Structures are given as structure tokens and as C-alpha cells.
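Colleague: sequence isn't available, so here's the structure alone:
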């Protein structure tokens, strides 16, 4: 029986997760600033974005844990798949918003994203004190 080589964490995984979380945070905060009714926000699609975000939180937490305490192959498989889904999930969400809201959302997202502190990628990550990075 051949042994599988240990899975290696891509060097850019943490940075990709941080960027994905900040992008989603910017989207969520921009939406909060808009005057959209719940009926105008595609609920199923925003739930998908929240689920992706929760997966990114879990992955960032897992990266800080001892390697023996996790199934690295499964974590990498799931995390990389979730990262691949983000662009399409965001596009689908935006395309299902009212057409008139899209330009405003795009501008707000950029403004919010540029103002975010990178440590905010660790909001809600267990064991991380946002004040200490």
C-alpha cells in the first residue's frame, strides 16, 4: 500500500482567506448602508455568501491550530473549493439585486473595502483578539 505524501498548505492560503473575508465584509457593510428592502436582497444567495464566509472563518481558525488536530487534506480541499466559489457567488448575488442598486453598491464596496483594517479579516475567528491582530 502506497503512502500518501502529507498535504502542504499553499503559501498564499492565509492571504487568500484574509482577502476573501475582507471582500465579503465590504460587501455586507455596503449592503447595510443601502436602502434596500429584504425583498430586494436575494436571501438564498446572501445566505450562500454568509456560509462561504463562515467556512473562511473556520479555515483561518484551523490554520492557527496544531497540524495533528485537524484533517489537513479535507480542510484544504474544502477551503480551496470555497475560495473558488466566491467570485461566481458574488456575481450571482449582485446580478440578482435591483439593477438600479448595482452601481451604488459597487461604489460603496470600494469605499468600504479601502477603509477596512486588515485585522478585520479575523473578526469572529475564535481565539483571535481583534485588538492584537
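Modeller: Done, it's in. The model shown is predicted, which means the values in this text are computed figures rather than measured ones.
Colleague: so where's the longest helix in this structure?
Modeller: Counting residues, the longest helix in the chain under DSSP state H turns out to be helix 72-95.
Colleague: past it, which element shows up next along the chain?
Modeller: helix 102-115 (DSSP states H and E).
Colleague: got the contact list for that next one?
Modeller: 22-23, 25-27, 29-31, 33-34, 94, 97 (C-beta atoms under 8 Å, 6 or more residues apart in numbering). Any C-beta I mention is one placed from the backbone N, CA and C, and that applies to glycine too.
Colleague: picking up where we left off before, name the residues of the longest helix of the chain that are buried.
Modeller: 75-76, 79, 82-83, 85-86, 89-90, 93-94 (16 or more other C-beta atoms under 10 Å).
Colleague: could I get the contacts of helix 102-115 as TSV with pLDDT?
Modeller: What follows is the contacts of helix 102-115, written out as TSV (pLDDT from 0 to 100):
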residue	pLDDT
22	98
23	98
25	98
26	98
27	98
29	98
30	98
31	97
33	96
34	96
94	97
97	97
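Colleague: what helices or strands is the longest helix of the chain leaning on?
Modeller: helix 13-33, helix 43-63, helix 102-115 (3 or more C-beta pairs under 8 Å, 6 or more residues apart in numbering; DSSP states H and E).
Colleague: using a markdown table, lay out these together with mean neighbour count and distance to residue 122.
Modeller: Below are the helices and strands packed on helix 72-95 laid out as a markdown table (neighbours: other C-beta atoms under 10 Å; distance: least, C-beta to C-beta, whole Å):
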| stretch | mean neighbour count | distance to residue 122 |
| --- | --- | --- |
| helix 13-33 | 18 | 8 |
| helix 43-63 | 17 | 7 |
| helix 102-115 | 14 | 16 |
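Colleague: can you tell which of the ones you listed is closest to residue 124?
Modeller: Between residue 124 and these, the tightest spacing by C-beta to C-beta is seen for helix 43-63, at 5.4 Å.
Colleague: tilt between the longest helix of the chain and helix 43-63?
Modeller: Interaxial angle, helix 72-95 versus helix 43-63 (axes from the mean of the first three to the mean of the last three C-alpha atoms, to 10 degrees): 150 degrees.
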